[in-house]
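Asks: 3D model of this:
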Amino acid sequence: MVPSLGDLRAIRRWTCYHRCVIITVVRFPLTKAMDHEQARSAFGQTAATYLDVPGLILKAYIRSDDGMSVGGVYWWADRESAEAKYNDGWLAGVTEKYGAAPIIEWFDTPVVVDPIQQMIRVTPPTR
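Replies: Sure, this is the predicted structure:
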(Lines give C-alpha, C1' and ligand atoms only; values in the text may rest on other atoms or scores of the structure.)
Protein backbone atom coordinates (compact mmCIF):
# COMPACT_ATOMS: atom_id res chain seq x y z
CA MET A 1 0.00 0.00 0.00
CA VAL A 2 1.32 3.42 -0.95
CA PRO A 3 0.80 6.13 1.70
CA SER A 4 -1.23 9.20 0.74
CA LEU A 5 0.37 12.64 0.54
CA GLY A 6 -1.30 13.60 3.84
CA ASP A 7 0.05 10.44 5.48
CA LEU A 8 3.55 11.19 4.15
CA ARG A 9 3.44 14.72 5.56
CA ALA A 10 2.42 13.45 9.00
CA ILE A 11 5.06 10.71 8.85
CA ARG A 12 7.73 13.22 7.81
CA ARG A 13 6.93 15.57 10.69
CA TRP A 14 7.06 12.75 13.23
CA THR A 15 10.04 10.91 11.74
CA CYS A 16 12.29 13.92 11.22
CA TYR A 17 11.55 15.21 14.68
CA HIS A 18 12.25 11.89 16.36
CA ARG A 19 14.77 10.10 14.15
CA CYS A 20 15.30 11.25 10.59
CA VAL A 21 17.67 9.64 8.10
CA ILE A 22 20.39 12.15 7.22
CA ILE A 23 22.24 12.28 3.91
CA THR A 24 25.48 14.21 3.66
CA VAL A 25 27.29 14.97 0.44
CA VAL A 26 30.95 15.70 1.10
CA ARG A 27 32.97 17.14 -1.78
CA PHE A 28 36.58 18.16 -2.20
CA PRO A 29 37.43 20.56 -5.02
CA LEU A 30 40.78 19.51 -6.50
CA THR A 31 43.44 21.62 -8.19
CA LYS A 32 44.47 18.68 -10.41
CA ALA A 33 42.10 16.14 -11.93
CA MET A 34 41.98 12.65 -10.41
CA ASP A 35 41.35 9.88 -12.94
CA HIS A 36 39.22 6.82 -12.25
CA GLU A 37 42.13 4.58 -11.24
CA GLN A 38 43.65 7.23 -8.94
CA ALA A 39 40.25 7.70 -7.31
CA ARG A 40 39.75 3.97 -6.81
CA SER A 41 43.21 3.70 -5.24
CA ALA A 42 42.70 6.71 -2.94
CA PHE A 43 39.23 5.59 -1.86
CA GLY A 44 40.38 2.00 -1.36
CA GLN A 45 42.90 3.18 1.22
CA THR A 46 40.15 4.38 3.56
CA ALA A 47 37.08 2.30 2.65
CA ALA A 48 37.55 -0.29 5.41
CA THR A 49 37.71 2.43 8.07
CA TYR A 50 34.03 3.17 7.43
CA LEU A 51 32.75 -0.37 8.04
CA ASP A 52 32.14 0.14 11.76
CA VAL A 53 31.37 3.86 12.03
CA PRO A 54 28.48 4.24 14.50
CA GLY A 55 25.29 5.41 12.80
CA LEU A 56 26.63 5.08 9.23
CA ILE A 57 24.24 3.08 7.09
CA LEU A 58 25.98 3.47 3.72
CA LYS A 59 28.81 5.38 2.08
CA ALA A 60 29.40 5.78 -1.65
CA TYR A 61 32.60 7.40 -2.88
CA ILE A 62 32.10 9.82 -5.75
CA ARG A 63 34.21 11.45 -8.48
CA SER A 64 32.99 14.10 -10.92
CA ASP A 65 33.13 13.38 -14.65
CA ASP A 66 36.09 15.73 -15.10
CA GLY A 67 37.90 14.40 -12.00
CA MET A 68 38.13 17.87 -10.46
CA SER A 69 35.91 16.99 -7.49
CA VAL A 70 35.84 13.87 -5.31
CA GLY A 71 34.08 12.94 -2.11
CA GLY A 72 31.35 10.79 -0.69
CA VAL A 73 27.63 10.44 -0.17
CA TYR A 74 26.81 9.23 3.33
CA TRP A 75 23.53 7.82 4.61
CA TRP A 76 23.34 8.31 8.40
CA ALA A 77 20.85 6.95 10.94
CA ASP A 78 20.83 10.35 12.68
CA ARG A 79 22.52 13.73 12.61
CA GLU A 80 24.41 13.16 15.86
CA SER A 81 26.33 10.25 14.31
CA ALA A 82 27.32 12.35 11.31
CA GLU A 83 28.42 15.25 13.49
CA ALA A 84 30.49 12.87 15.63
CA LYS A 85 32.32 11.60 12.53
CA TYR A 86 33.00 15.04 11.07
CA ASN A 87 35.21 16.05 14.00
CA ASP A 88 38.41 18.12 13.98
CA GLY A 89 40.62 15.05 13.52
CA TRP A 90 38.62 13.84 10.50
CA LEU A 91 38.61 17.34 9.03
CA ALA A 92 42.39 17.72 9.38
CA GLY A 93 43.04 14.29 7.87
CA VAL A 94 40.85 14.68 4.80
CA THR A 95 42.00 18.25 4.22
CA GLU A 96 45.61 17.05 4.21
CA LYS A 97 44.80 14.06 1.98
CA TYR A 98 42.90 16.02 -0.68
CA GLY A 99 44.60 19.40 -0.34
CA ALA A 100 41.32 21.22 0.29
CA ALA A 101 38.77 21.47 3.07
CA PRO A 102 35.55 19.58 2.34
CA ILE A 103 32.26 21.14 1.38
CA ILE A 104 29.58 19.35 3.41
CA GLU A 105 25.91 19.55 2.41
CA TRP A 106 23.25 18.26 4.82
CA PHE A 107 19.88 16.80 3.82
CA ASP A 108 17.11 15.22 5.86
CA THR A 109 15.48 12.30 4.13
CA PRO A 110 11.84 11.92 5.12
CA VAL A 111 11.07 9.18 2.59
CA VAL A 112 13.41 6.71 0.85
CA VAL A 113 12.26 4.49 -2.01
CA ASP A 114 14.06 1.14 -2.08
CA PRO A 115 13.25 -0.59 -5.40
CA ILE A 116 15.49 -3.59 -4.62
CA GLN A 117 13.59 -4.43 -1.42
CA GLN A 118 10.33 -3.09 -2.91
CA MET A 119 9.68 -0.85 0.10
CA ILE A 120 9.26 2.75 1.09
CA ARG A 121 11.30 3.70 4.17
CA VAL A 122 10.31 6.46 6.54
CA THR A 123 12.74 5.45 9.31
CA PRO A 124 16.39 4.41 9.15
CA PRO A 125 17.10 0.74 8.52
CA THR A 126 18.77 -1.14 11.34
CA ARG A 127 21.87 -3.28 11.12
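
Asks: for the residue nearest to the spatial centre of the chain, give the beta-bridge partners.
Replies: Centroid-nearest residue in the chain: Tyr74, 1.2 Å away (criterion: CA atoms, centre = their mean). On the basis of DSSP bridges, Tyr74 is bridged to Thr24, Lys59.

Asks: for stretch 68-85, measure first residue to last.
Replies: 25 Å (CA to CA, to the nearest Å).

Asks: what's the neighbour count on Leu49?
Replies: To be clear, residue 49 is Thr; Leu isn't right here. When counting by other CB atoms under 10 Å, one arrives at 8 neighbours for Thr49. Using the backbone N, CA and C atoms, a C-beta is placed for each residue, glycine as well.

Asks: to clarify, my last question referred to Trp76.
Replies: Neighbour tally, Trp76, other CB under 10 Å: 26.

Asks: hmm, Val26 and it touching each other?
Replies: No. Trp76 is not in contact with Val26 according to CB atoms under 8 Å; the separation is 11.6 Å.

Asks: what do those two both touch?
Replies: With contacts taken as CB atoms under 8 Å, 6 or more residues apart in numbering, Trp76 and Val26 have no neighbour in common.

Asks: what sits against the residue nearest to the centre of the chain?
Replies: Contact analysis of Tyr74 by CB under 8 Å, 6+ apart lists 23-26, 56, 58-59, 82.

Asks: is there a quick PyMOL command that grabs whichever of those residues are buried?
Replies: Remark: buried members of the contacts of Tyr74, expressed as a PyMOL selection using 16 or more other CB atoms under 10 Å:
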select buried, resi 23+24+25+26+56+59+82
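
Asks: Leu91: which of the contacts of Tyr74 is nearest?
Replies: Distance to Leu91 across those (CB to CB) is lowest for Val26, with 10.5 Å.
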